[in-house]
Each structure stands twice: as structure tokens, then as C-alpha cells.
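Undergrad: Predicted model, plus sequence, below.
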Amino acid sequence: MDTQETLDTFIGYYREHGHHRLTGSSLRPPPGDPVLFTTSGMHPLTPYLEGRPHPGGTRLVNVQRCLRTTDLDEVGDDTHLTVFEMLGSWSLGDYDGPTSLRWGHDLLRYGFGVDPGRMHVTVFGGDDQVGPDTGSLATWTDLGVPVELTRDDNWWSNGPTGPCGPDSEIFVWTGDGPPEGTPTGDPRWVEVWNHVMMRYRRHPDGSLEPLVQRNVDTGMGLERMVTVLQGHRSVYGSDGFEPWMTRIPRLWDLDGESLRIVCDHLRSGIVVLGDGIRPSNTGQGYVLRRLVRRVLTRLWRGDGSRTLSDLPDTLIGHTLDHFGQEVGIGPVRGVLLDEERRFRELLRRGRPVVDRQRRRGPLREEDFRYLHDTHGLPRELVTGLLSELE
């Protein structure tokens, strides 16, 4: 089952169960949201989870592109991406958690063909404020799926305050041989789907108040699910990354980790550009600038003559088409090359400045602040120049 089939199967299942499909939103969060980028499918739905009627009804489904800067340093492993797509379903005060779990089990088993013997779940076991999620526990027990009870791992929140509640995470065994261990103890159990029973609002003092309606919010990472269904060890082996992982090694000779980071960051940068964001020194634009510079830093480790001008149009076009973005290939390429020119110039000016600072002794925090505030050299760049100069 390829990426498009996986997406269509998910959306089709929920539409058959009375869900209205939403149009996927931009990486730009809704007005008033404090985060830089949309990080989950529920972000645009926060007002409706808190009780406002949704024009699409009480059952919703969509696919939402997301960006998480918190995972940036983990990119390069088998499962984390900077930009990814989240398949989501919602009950806005409609059906309950056990119903959502039963549908989820049904879709995984009969829609996606996952062997039920390769499933394991985790369920909220209770804490000093809320008791165990007995409804989820009873449902999974009835379905014959093994359960592991946890505490913090199965409590979902969108920050220190706001909507929250217990969740149940579904894992699929990806190891060789029969399943063993539990999800919290063996990384071969890969989480593919989270069902959140969003029942509370947390206040600044830490207290919980029941929401006016009991919601269910589910999220399934599309790329991760496809990886599991296709039997790959890494998301970079799935069909969505096939064009990147085929063309980039022919273009540049990179080690395994660098290849993954370059492919992820270029793909992510193209998507950010496709949503109308441009490089800058603050906010969303700085995240984009950082992505491009991390790519160039990796490329230039082995050969300073490498350039983004060699990036094939087909990879830019493939990414824009996949995410349904209508910006042209030319403008995207133009921004990337302009950022490369700016970065080369910054490195040219920065090397002697950092070298002089280094000769005075090990850099302290005030030295990093001085280099940033006076010369525009971010800490990450200074650290890279120090390694190069040594």
C-alpha cells in the first residue's frame, strides 16, 4: 500500500462513518495561536474542541501538513521528520472513546491489513488528579489486544494550559520474529496512532475542569504508517522519499545521516516556501533559514564547491505537487540560491571574526552573545566554524 492508497483508505473509512472531510490547512497556524507552525491536525480545531459549533458537523476527518522544530535534532533517525502529514479524525461531543478505539482497530486490521497479533497499546493508568482510563482498558481487553498502563506517556496536552486528557496509543511490532516486550521497553514497537479522550481543560494553577463537551481527537503520522505498512525500517525507505533517496546520492556523496538530513531539510524547506514563508532572522523565516543552512553545512563538509543550483527541478516539483502547493519551481529555486549566496558571504566574513575570538581562549556565553548580536553569527554557525578552524 503506497502513500496515496494509505491516505485514501483512511479518509474513505471515516467518510463512510459519517465524517466530513476538511481541507488541509497551511503550516501557518491560525490567528492567535502562539506556536510558529501548525504541529498537529487539532491546532486549527481548538475553538471547536472547546465547544464552538463546527460548520462541518460533529464528525471530522482530514490530512494536515505539520512542522515540529522540537524534533529537529532527532531528524536523521528512522522515524522523525521536520515536515510530515498527520491523518486525523475528530468527534466533537459525538461518539465516545471506546467507539473510536473499536473503529481504529477495525481500520488497522481490515483496511490496512495489520496482523492483530502485531498490535500492542498503551493506556493511561491514572495519577493524583485523574483515575485510570477504564473505558479504553476494557475496550482493548475485549478486543484481545495487550495493554500496557502508563502515567505521563498517556496524558495528552497542547501545552501547560488548555484542552487535555488521557490517550491510548497503538503500536505495531516491526521486529523480526514474534512480538516481545512492551512499547515502553522495546523500540521495535512503533507507535502509529494516538486516540486522545479530550475531556478536560487545564488552568494555569494546574487544576482541571471538565470541558463542556467530551471530544475524541486521533492522529496518525502518514509517513510513519506507510513505512510500517511497506515493511521498511526507516521513513526514508518509503515511497514518499523514493525520488529524494534515489537522486540525491547520485548528486552528492554523503554519509547516511547527512543524506537523511539533507533530504528531509530540503523537502521541508520547499514545503515552507510553498506556504508563502520567506527566510528572515526571526520567527517562521528563521526556521526556514536554519533548515537551509543546516543543509549547506552538511554539503560543504566534504566539498565546499557543492551548490543547491544542482538540485533537480523534478524534486522541487514532486514535493510541491505532493503537498498541493501551487507556487512555481522557479521562485522556490530562486530563494534557495539566494540563501546559499547569503550563507557563503556570512561564512566568509565570520571565519576571521570567530578565529580572533577563539585565539583569546575558550568561548564563553557572553562571547556567543557578542558574536550573534554584533556580527549576526548564530551559535550553531559559530560552533561549526570552531570545529572547522580547529
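TA: Sure, I can see it.
Undergrad: make it CA atoms for all contacts and neighbour counts henceforth
TA: Will do.
Undergrad: need the next SSE after the helix or strand hosting Y14, C-terminal direction.
TA: Using DSSP states H and E, Y14 sits in helix 3-16. Scanning forward in sequence from helix 3-16 by DSSP H and E, the next helix or strand is strand 20-21.
Undergrad: Going by contacts, tell me the helices and strands next to that following strand.
TA: Packing contacts for strand 20-21, counted by 3 or more C-alpha pairs under 8 Å, 6 or more residues apart in numbering; DSSP states H and E, involve strand 59-67.
Undergrad: name the helices or strands packed onto the strand it packs on?
TA: For strand 59-67, the packing partners by 3+ C-alpha pairs under 8 Å, 6+ apart are helix 3-16, strand 20-21, strand 83-92.
Undergrad: Okay, buried residues for stretch 265-285 please.
TA: 265-275, 277-279, 284-285 (16 or more other C-alpha atoms under 10 Å).
Undergrad: Quick check: of those, which lies closest to T383?
TA: H265 (19.6 Å; C-alpha to C-alpha).
Undergrad: Next one: that closest one from G185, what distance?
TA: 30 Å (C-alpha to C-alpha, to the nearest Å).
Undergrad: what's the answer for S258, then?
TA: 29 Å.
Undergrad: neighbour count winner among the two?
TA: Legend: neighbour count by other C-alpha atoms under 10 Å for S258 and G185, higher for S258 (19 against 9).
Undergrad: Which helix or which strand is home to the more buried one?
TA: Here S258 is assigned to helix 256-274, by DSSP H and E.
Undergrad: what's the answer for D321, then?
TA: helix 313-322.
Undergrad: Helix 3-16 and that helix, what's the angle between them?
TA: 0 degrees (axes from the mean of the first three to the mean of the last three C-alpha atoms, to 10 degrees).
Undergrad: all strands of the stretch 151-300 of the chain, in order?
TA: 155-157, 162-173, 189-202, 208-221 (DSSP state E, counting those that start in this stretch).
Undergrad: So for L49, which of those strands sits nearest?
TA: Among the strands of the stretch 151-300 of the chain, strand 208-221 sits nearest to L49 (C-alpha to C-alpha), with 6.7 Å.
Undergrad: For the closest one, buried residues please.
TA: L208, L211, Q213, R214, N215, V216, D217, T218, G219, M220, G221.
Undergrad: JSON lines for these, including pLDDT and distance to G117?
TA: Below are these laid out as JSON lines (pLDDT from 0 to 100; distance: C-alpha to C-alpha, whole Å):
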{"residue": "L208", "pLDDT": "95", "distance to G117": "37"}
{"residue": "L211", "pLDDT": "92", "distance to G117": "36"}
{"residue": "Q213", "pLDDT": "92", "distance to G117": "35"}
{"residue": "R214", "pLDDT": "94", "distance to G117": "31"}
{"residue": "N215", "pLDDT": "96", "distance to G117": "29"}
{"residue": "V216", "pLDDT": "97", "distance to G117": "25"}
{"residue": "D217", "pLDDT": "96", "distance to G117": "25"}
{"residue": "T218", "pLDDT": "97", "distance to G117": "22"}
{"residue": "G219", "pLDDT": "96", "distance to G117": "22"}
{"residue": "M220", "pLDDT": "96", "distance to G117": "20"}
{"residue": "G221", "pLDDT": "94", "distance to G117": "21"}
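Undergrad: what's the most distant pair in the residues you listed?
TA: Farthest apart among these - using C-alpha to C-alpha - are L208 and G221, which lie 28.6 Å from each other.
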